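Asker: Structural data only, the sequence is not supplied:
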């Protein structure tokens, strides 16, 4: 999981406990790639200057262009799912959206559980 996604997830889940007494509900949505224009050359912009210490081994523009149009997720199905979740009396706190999202999320959760069990007192 990317650190920025984890930060949003952690903040959202901690705020959830603060606002639920006011009837506010929060669902963290962890989407995988969906067939949208997000990764197209028209939408995705990359820095022209690279910092050597942060150099990516892959070519990000080529990598994004190679998956453009081949993303597994259907944006119409995601939209319908989000509308359904918004209408729920008790929505889930976490929603993994997209067929390949669990492939990315489950190893992270399992690693956290392993660390927790190893170091529990």
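Answerer: Perfect, thanks for sending it. This is a predicted model, so every value here is computed, not measured.
Asker: use CA for all of it now, contacts and neighbours both
Answerer: Noted.
Asker: Show me the residue at the heart of the protein, geometrically.
Answerer: residue 30 (3.3 Å; CA atoms, centre = their mean).
Asker: How about the secondary structure of it?
Answerer: The local conformation at residue 30, judged by DSSP: H, G, I helix; E, B strand; the rest coil, is strand.
Asker: The nearest residue to it once chain neighbours are set aside is in what secondary structure piece?
Answerer: Residue nearest to residue 30 in three dimensions, not counting chain neighbours: residue 96, with 4.9 Å by CA to CA, 6 or more residues apart in numbering. Secondary structure assignment for residue 96, by DSSP states H and E: strand 94-97.
Asker: what's around residue 21, how many residues?
Answerer: Residue neighbour count, defined by other CA atoms under 10 Å, stands at 9 for residue 21.
Asker: measure it to residue 81 for me?
Answerer: Look at residue 21 and residue 81: by CA to CA, to the nearest Å, they are 25 Å apart.
Asker: related to what we said a few turns ago, neighbours of the residue nearest to residue 30, just the number please.
Answerer: Count around residue 96 with other CA under 10 Å applied: 15.
Asker: which residues does it contact?
Answerer: By CA atoms under 8 Å, 6 or more residues apart in numbering, residue 96 lies in contact with 29, 30, 31, 32, 102.
Asker: And for the third one, the neighbour number?
Answerer: To tie it back to what came earlier, the one meant is residue 31. When neighbours are counted by other CA under 10 Å, residue 31 comes out with 16.
Asker: Isn't it up against residue 98?
Answerer: Yes: with contact defined as CA atoms under 8 Å, residue 31 reaches residue 98; the gap is 5.9 Å.
Asker: three-state assignment of residue 9?
Answerer: Residue 9 - assigned by three-state DSSP - is helix.
Asker: Disregarding flanking residues, what is the spatial nearest neighbour of it?
Answerer: Nearest to residue 9 is residue 28, by CA to CA, 6+ apart, at 6.2 Å.
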